[in-house]
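S.K.: What follows is a predicted protein model with its sequence.
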Amino acid sequence: LTDYIHSLGLKAGIYTSPGPYTCQGFVGSYGYEAQDAKQFAEWGFDYLKYDWCYYSKIAKDRSLNELKKPYLIMRDELLKQKRDIVYSLCQYGMGEVWKWGEEVGGNCWRTTGDIIDTWGSMSSIGFSQGKCSPYAKPGHWNDPDMLVVGNVGWGENLHPSRLTPDEQYTHISLWCLLCAPLLIGCPIEQLDDFTLNLLTNDEVLEINQDPLGDQANPLVVEEEFQVWAKQMEDGSLAVGLFNMDGYEHNIIKIEWSQLGIKGRHRVRDLWRQKDLGIFNNHFEAKVPPHGVVLVRMVKN
């Protein structure tokens, strides 16, 4: 199976729990961490999602030491293997995991409970990630959960994402600004043209994959709109203008002083892959309801 996945140019991930059972009731890794880590490496897996689940019945309490304990055990076992395996901690943000996820060997860590394909869920999760920004860096990332675009759901009960097209643009734009792991949460063989475009825009993905690894911060937070920005390795700035209003096309304006820049800047719309012109002192755009204008600003 892993050979076949690798032959497609993809990576292979596997899921288990530090507890005696997984969330689905299958056998977890509790007491068999060394055996499981060795087996995952031998099978050729590249990614391990380690989901707290039934470990809550093992943990003495929710103290920091108890929250860290099972993840330290599996970290030590993974480090013994002759294979690089991305270590994904999943414990829903307990104990402010973004502050110590790197310490226990995590390459990424869930900062929140499960996402669902509604504006309320996606926006409340995505726009609350600013507190986690200082702890993101290359090799260690905040994970606000998988992408809810395409056909989503559990088991065979899949349905098209309930997010509107503009809400989906917001979703992908925000996750890219957040340097979030882009985990496709739908069957890739069922991708329609719109979803495929969302997931394969090179200029948008470049924001997510930038080597500097600077997670965006909110610069403007108002009831009707927000502006988030992240520094890029080449000195440019990626900026998302988000309309939080579900009914009105809003004009969103950002001043250079708010962005910490000066002088003339060339602004490019990343979704449309189109230069918008040279701007000085400020930039503004008309943004659809629950939508986004995602731009990259380069000093001219």
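M.R.: Yes, it's here. Numbering: from 1, shown residues only.
S.K.: from here on, contacts and neighbour counts on C-alpha atoms
M.R.: Fine.
S.K.: what sits against Asp269?
M.R.: Counting by Cα atoms under 8 Å, 6 or more residues apart in numbering, Asp269 touches 275-276, 293-296.
S.K.: what do you get if the cut-off is 10 Å, keeping everything else the same?
M.R.: 203-204, 239, 275-277, 293-297 (Cα atoms under 10 Å, 6 or more residues apart in numbering).
S.K.: buried residues in stretch 188-198?
M.R.: For stretch 188-198, burial by neighbour count (16 or more other Cα atoms under 10 Å) applies to 195, 198.
S.K.: hey, C-alpha coordinates of it in PDB?
M.R.: In PDB, the C-alpha atoms belonging to stretch 188-198 read as follows (Å, rounded to 0.1, in the frame of the first residue of the first chain):
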ATOM      1  CA  ILE A 188      -8.900  13.300  -4.000                       C
ATOM      2  CA  GLU A 189     -10.400  11.100  -6.800                       C
ATOM      3  CA  GLN A 190     -13.700  13.000  -6.400                       C
ATOM      4  CA  LEU A 191     -12.200  16.500  -6.800                       C
ATOM      5  CA  ASP A 192     -14.200  18.800  -9.000                       C
ATOM      6  CA  ASP A 193     -12.600  21.600 -11.100                       C
ATOM      7  CA  PHE A 194     -13.400  24.300  -8.500                       C
ATOM      8  CA  THR A 195     -11.900  22.300  -5.600                       C
ATOM      9  CA  LEU A 196      -8.900  21.300  -7.700                       C
ATOM     10  CA  ASN A 197      -8.300  25.000  -8.500                       C
ATOM     11  CA  LEU A 198      -8.500  25.900  -4.700                       C
END
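S.K.: before we move on, which element is Lys253 in?
M.R.: Using DSSP states H and E, Lys253 maps to strand 250-255.
S.K.: quick one: strands adjacent to that strand?
M.R.: strand 282-287 (antiparallel) (DSSP bridges).
S.K.: Looking at the strand it pairs with now, give me its mean pLDDT.
M.R.: Mean pLDDT, computed over strand 282-287, is 97.
S.K.: Output that strand as CSV, nothing but the C-alphas.
M.R.: The C-alpha trace of strand 282-287 is given here as CSV (Å, rounded to 0.1, in the frame of the first residue of the first chain):
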residue,chain,number,x,y,z
HIS,A,282,-2.4,52.4,1.3
PHE,A,283,-4.3,49.7,-0.5
GLU,A,284,-8.0,49.0,-0.6
ALA,A,285,-10.3,46.4,-2.3
LYS,A,286,-13.9,45.5,-2.6
VAL,A,287,-14.4,42.1,-0.8
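S.K.: buried residues in that strand?
M.R.: By 16+ other Cα under 10 Å, the buried positions in strand 282-287 come out as 282, 286-287.
S.K.: now the strands for the stretch 51-200 of the chain?
M.R.: 86-90, 108-110, 141-143, 151-154, 157-160 (DSSP state E, counting those that start in this stretch).
S.K.: Mind naming the longest helix for this protein?
M.R.: In the chain, with assignment by DSSP state H, the single longest helix is helix 64-79.
S.K.: about what we covered before: what's the most buried one of the strands of the stretch 51-200 of the chain?
M.R.: strand 141-143 (a mean of 29; mean count of other Cα atoms under 10 Å).
S.K.: what are the pairing partners of that strand, and which direction each?
M.R.: strand 108-110 (parallel).
S.K.: what residues does the strand it pairs with touch?
M.R.: With Cα under 10 Å, 6+ apart, strand 108-110 has contacts from 49-51, 86-94, 97-98, 100-102, 136, 139-146, 180-181.
S.K.: And the average pLDDT for that strand is what?
M.R.: pLDDT averaged over strand 108-110 gives 98.
S.K.: how far out from the middle of the chain is that strand?
M.R.: Mean-position distance between strand 108-110 and its chain equals 9 Å (Cα atoms, centre = their mean, to the nearest Å).
S.K.: Also stretch 109-120?
M.R.: 10 Å.
S.K.: just for the protein, where's the confidence low?
M.R.: The model of the chain has no residue with pLDDT under 70.
S.K.: ok, Trp271 touching Ser173?
M.R.: Yes: counting by Cα atoms under 10 Å, Ser173 is a contact partner of Trp271 at 9.0 Å.
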